[in-house]
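Undergrad: Okay, structure incoming, though there's no sequence with it:
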């Protein structure tokens with residue numbers, strides 16, 4: 001049984017309050033942006049290590065409990081296959097949908113492509129932790145997110161150079177006068 005009020009309160013305290021506090025601090029103190037800009041590498045490293053720590057504590061909590069988790073490797077492999085399939089399907093659906101919406105705006109199309117399927121472990125794990133805090137299967141519940149997040153980073157990183165080239169090519173094409181555009185020259189990755 002999930003207590004919705006308790007989960008909502010935990011999510012507010014763990015996610016909304018820090019985000020809202022950061023936005024207020026950013027708007028009220030002009031020097032914060034400069035400080036963060038100067039120390040961006042440090043903050044990036046801290047953010048990455050904080051995420052590693054969150055994942056580590058979830059798994060420690062799961063595997064240190066007295067309740068054994070009964071899951072086999074084939075089940076984990078099927079789950080990983082399902083996650084990758086869903087990720088690829090969502091990427092394809094996003095690409096096709098955004099093609100119809102932003103045909104002559106390649107930058108918006110690429111931005112929307114990444115935004116549509118992007119799920120963050122930094123937000124997802126605290127949400128799972130708030131919902132299933134005392135559930136002995138919490139570590140198992142986080143596995144799909146821990147498959148999705150690195151997979152989207154790997155696939156997205158590998159697509160980025162091709163998408164950047166495609167944006168550049170389409171923008172050059174769109175900047176040509178209509179009479180100079182040759183039929184079939186738009187048959188790029190973006191067509």
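TA: Looks like it arrived, so ask away. What you see is a predicted model; the values in this text were computed from it and never measured. Residues are numbered from 1 along each chain as shown.
Undergrad: so where's the chain shaky on pLDDT?
TA: 62-63, 65-69, 183-191 (pLDDT under 70).
Undergrad: how about a cut-off of 80?
TA: Scanning the chain for pLDDT under 80 picks out 1-2, 30, 51, 54-55, 57-71, 119-123, 134-139, 176, 178-191.
Undergrad: At which residues are the helices of it located?
TA: All helices of the chain, identified by DSSP state H, fall at 4-11, 17-28, 30-38, 40-64, 73-101, 106-117, 121-131, 138-175.
Undergrad: need these in CSV with distance to residue 181 and mean neighbour count, can you?
TA: In short, each C-beta sits where N, CA and C put it, glycine included. Formatted as CSV, these follow (distance: least, CB to CB, whole Å; neighbours: other CB atoms under 10 Å):
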stretch, distance to residue 181, mean neighbour count
helix 4-11, 50, 12
helix 17-28, 44, 11
helix 30-38, 41, 10
helix 40-64, 41, 12
helix 73-101, 18, 13
helix 106-117, 15, 17
helix 121-131, 43, 18
helix 138-175, 7, 16
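Undergrad: Turn those helices into JSON lines, including distance to residue 182.
TA: Putting the helices of the chain into JSON lines (distance: least, CB to CB, whole Å) gives the following:
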{"stretch": "helix 4-11", "distance to residue 182": "54"}
{"stretch": "helix 17-28", "distance to residue 182": "48"}
{"stretch": "helix 30-38", "distance to residue 182": "44"}
{"stretch": "helix 40-64", "distance to residue 182": "44"}
{"stretch": "helix 73-101", "distance to residue 182": "21"}
{"stretch": "helix 106-117", "distance to residue 182": "18"}
{"stretch": "helix 121-131", "distance to residue 182": "46"}
{"stretch": "helix 138-175", "distance to residue 182": "9"}
